[in-house]
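**Student:** take this sequence and fold it.
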Amino acid sequence: MTVCGCSIGRHRWISADGPSDIEIATPRPRAELDAWLEEQARTPIDAEHGPLWHLAVLPFTDGGAAVSLAVSHCLADGAGLLEAMADAADGRDAPISWPAAGSHGRWQALREDARQAGRDIPALGRGAVAAVRLARRARREGAGAAPSTTPLRLPTGVDEPLTPPMATVFVGADEWEARAHALGGTSNALLVGLAAHLAQRMGRITADGSVLMNMPVNERTAGDTRANAVSHLTVTVDPTPATTDRRAIRAAVKQALISHRELRDDERAVMSFVPLLRLLPKRLARLVDNTVVSSNIGVIDPAVTRADGTKADFWASRVSYRGVTKALMHRLGGVLCVLSGTAQGQVFVSATIISRAMPTRMKLCDKTFRTP
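**Tutor:** Below you'll find the predicted structure:
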């Protein structure tokens, strides 16, 4: 078990003292599963001080049970988490031994960080140049596509925490693929189109009516111990034909992937700044977050679905924005994250939506869910 410790602005992997407790909940009716999952999403998680994760089991009153695993994104991205879960299910131990907490004294950490900073100076210079190139390219490609959101007066109760409404639906994998092909697209294009359609209904569109879609790209390799081994590409999508024809979306995603490969060296160079962000004033370290996200984690390793040694009937993942307030979401104009994957012959689609102005009812596939 490892945890992310912090030393002078740099994060390091260290050994955790022990596993988190496993919660066995009081049995509930199956219909209360969603409410229980929302409670689990609010469970305190701290990647630096612990608890690192929270594992819980909900027995159903009519038999069977649900298992929830809540993990901070600081510890792992989707691919890394799935790999760790498969290793745990198959009993494979991590081959790396991490140092214990507190094994580095403050002065030792300062000396090591100072030496590392010296070695990083050339990379920081390359990162600065790459950041300028990427910013200029973004301005060129984003001309006329500025978000159409208008600054609004902050509502009352802006410091109140929000519980993001989440919904998950399951579609047969064969049915999902058939629908994707019928619309002239792929499984990934179908997901992007669904996210774009929801974004349009939420008003998360640019001045020309398009949607700027953020898509994570897995960069994890064998033996990769990075918490988040992903890069991101942004696709400009026209949501108007999203429900009838996905060929334009498929072409846009393909072109974005080609451009992403061409810019990969620049993006990696920019990542040289990441260890220093904690040392910058918050007003200088603010990052612009594209809040329309479409993430397809692909086919799930069957081992991941065997939490108790037997295959689960259904498996899905959700993204939870813990600790957000009305003020933060108001400034961002809301958040839309659509996550999908395939497990046990089913495609799951999970949506997390927070908006400062949206209908009180929206439909995700065949399932209706409400905002709080």
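
**Student:** pLDDT weak spots in this protein?
**Tutor:** Applying pLDDT under 70 to the chain flags residues 1-11, 17-20, 120-121, 123-159, 262-291, 332-333, 355-372.

**Student:** can you map out the helices along it?
**Tutor:** 33-41, 78-89, 106-141, 173-182, 187-202, 247-270, 326-332 (DSSP state H).

**Student:** most tightly packed of the ones you listed?
**Tutor:** Most buried of the helices of the chain, by mean neighbour count (mean count of other C-beta atoms under 10 Å): helix 187-202, with a mean of 23. For the C-beta atoms, the positions are set from N, CA and C on the backbone; glycine is no exception.

**Student:** how close does Pro239 sit to Arg247?
**Tutor:** From Pro239 across to Arg247, the span is 14 Å (C-beta to C-beta, to the nearest Å).

**Student:** contact partners for the residue nearest the centre of the chain?
**Tutor:** The centroid of the chain falls nearest to Val319 when counting by C-alpha atoms, centre = their mean (5.9 Å). Contact analysis of Val319 by C-beta atoms under 8 Å, 6 or more residues apart in numbering lists 293, 295, 337, 339, 350, 352.

**Student:** and Met215, what are its bridge partners?
**Tutor:** With DSSP bridges as the criterion, Met215 is bridged to Leu233.

**Student:** wait, it touches Ser294, no?
**Tutor:** Yes. Between Met215 and Ser294 a contact is recorded at 5.5 Å, counting by C-beta atoms under 8 Å.

**Student:** hey, what's in contact with both of these two?
**Tutor:** Shared contacts of Met215 and Ser294 (C-beta under 8 Å, 6+ apart): Val192.

**Student:** more neighbours: the two, which one.
**Tutor:** Ser294 (27 against 24; other C-beta atoms under 10 Å).

**Student:** bridged to that one, which residues?
**Tutor:** Beta-bridge partners of Ser294, as defined by DSSP bridges: Val338.

**Student:** does it really touch Leu212, like I thought?
**Tutor:** No. Ser294 is beyond contact range of Leu212, at 10.9 Å (criterion: C-beta under 8 Å).

**Student:** quick check: chain neighbours aside, which residue is closest to Ser103?
**Tutor:** Ile14 (7.5 Å; C-beta to C-beta, 6 or more residues apart in numbering).

**Student:** measure the one you found to Ala101 for me?
**Tutor:** In this view, Ile14 and Ala101 are 5 Å apart by C-beta to C-beta.

**Student:** who has more neighbours out of those two?
**Tutor:** When neighbours are counted by other C-beta under 10 Å, Ile14 and Ala101 differ, and Ile14 comes out ahead with 20 against 14.

**Student:** so that one bridges to which residues?
**Tutor:** Here Ile14, judged by DSSP bridges, has bridge partners Val3.

**Student:** against Asn188, how distant is it?
**Tutor:** Distance from Ile14 to Asn188, counting by C-beta to C-beta: 37 Å.

**Student:** ok, Ala66 next?
**Tutor:** From Ala66 over to Asn188 (counting by C-beta to C-beta), the distance is 28 Å.

**Student:** likewise for Ser103?
**Tutor:** Applying C-beta to C-beta to Ser103 and Asn188 gives a distance of 44 Å.

**Student:** so what's Phe348 closest to, chain neighbours aside?
**Tutor:** Using C-beta to C-beta, 6+ apart, the nearest residue to Phe348 is Ala316, at 3.8 Å.

**Student:** what's near enough to touch that neighbour?
**Tutor:** So Ala316 contacts 168, 170, 341, 343, 348, 350 (C-beta under 8 Å, 6+ apart).

**Student:** surely the fifth one is in contact with Thr168?
**Tutor:** So the one you mean is Phe348. Yes. Look at Phe348 against Thr168 with C-beta under 8 Å: they come within range, at 5.8 Å.

**Student:** if we can go back for a sec, distance check, the residue nearest to the centre of the chain against Leu37.
**Tutor:** From Val319 to Leu37 the distance is 12 Å (C-beta to C-beta).

**Student:** before we move on, what about Val293?
**Tutor:** 20 Å.

**Student:** which residue of this structure sits farthest from its center?
**Tutor:** Distance to centre of the chain, C-alpha atoms, centre = their mean, peaks at Trp107 (35.6 Å).

**Student:** and Cys337, how many neighbours?
**Tutor:** By the criterion of other C-beta under 10 Å, Cys337 has 22 neighbours.

**Student:** which residues sit in contact with Asn296?
**Tutor:** 187-188, 191, 339-341.

**Student:** which one among those residues gets closest to Asp87?
**Tutor:** Ranked by distance to Asp87 (C-beta to C-beta), those are led by Gly341 at 18.1 Å.

**Student:** surely that closest one and Asp301 touch.
**Tutor:** No. Counting by C-beta under 8 Å, Asp301 is not a contact partner of Gly341; they are 10.6 Å apart.

**Student:** looking at these two, which one has more neighbours?
**Tutor:** Gly341 (22 against 16).
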